[in-house]
Structure formats: C-alpha cells, structure tokens
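[1] Attaching a predicted model along with its sequence, questions to come.
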Amino acid sequence: MRGVIALALLLVIAWGISASLGDIPFGTPKTGVGGRYIEGGREETGASNIVTSVVVNYRGFDTLGEVTILFVAAVGLGAVLSARRKTEQHAIEPASLVLYT
C-alpha cells in the first residue's frame, strides 16, 4: 500500500513539474543584437576573437562584477577556514614511557 501511495505521489509531482515547465516561453529565436556583435565586433573592439570582444568590451562591467563576487566569496571562505584553525589548538601531551626507554 505504501508503494502505491509513493508511486501516486511521484506521478503527481512529475505531472506538476511538467505542467509548470511546459508553459515557460524561452524567448524569441531571432534577435538583432547577436548579428550586430558578429558583424561589427572586430572593427569596434580590435579583438581577433569575437567571444573575447563580447566578454571584455561589451560586457566588461558585468564580468568585473562577477569576478568581484568570486573574489569576495573566496576571501570570506579563507577567513572562515583560517579562524576555525586558530581556535582548534590542542595541548601537547607528554610522551609516553615507551619513548623514554
């Protein structure tokens, strides 16, 4: 009986996910922005690679923000881990008798 209830619940959840994701519009297939970047990217930026010109020149502030967030997260993680290491100081126990003989 528990297996039937679990299967019914799983089917209801699967139906809910498929029904909610089925109506999401995924944008228009053609936009004019990409063509402009491809046609005028080399002349406007001087970069030999179109991906580099888009990332560095057209989306420079966005990329700078992402790098800043990653840097702050790495510094925060380092601070948390180094603070944990300083508080876990163990006392050195004296050596056993076996080491003295």
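    The structure has been received and is ready for your questions.

[2] So which residue is smack in the middle of this structure?
    Nearest residue to the geometric centre of the chain (C-alpha atoms, centre = their mean): Leu70, 9.2 Å.

[3] give me the low-pLDDT residue ranges for the protein?
    Within the chain, the segments meeting pLDDT under 70 span 29, 84-90, 97, 99-101.

[4] Output the longest helix belonging to it.
    helix 60-87 (DSSP state H).

[5] List the buried residues of that helix.
    Residues of helix 60-87 include none that count as buried (16 or more other C-beta atoms under 10 Å). Using the backbone N, CA and C atoms, a C-beta is placed for each residue, glycine as well.

[6] residue ranges for the helices of this protein, please.
    2-22, 32-45, 50-53, 60-87, 97-100.

[7] Show me what the third one is packed up against.
    Same thing as helix 50-53. Contacts defined by 3 or more C-beta pairs under 8 Å, 6 or more residues apart in numbering; DSSP states H and E place helix 50-53 against helix 32-45.

[8] next one: the helix it packs on to chain centre, how far?
    Distance of helix 32-45 from the chain centroid (C-alpha atoms, centre = their mean, to the nearest Å) equals 28 Å.

[9] any idea how far Val67 is from Ala74?
    11 Å (C-beta to C-beta, to the nearest Å).

[10] Lovely, talk soon.
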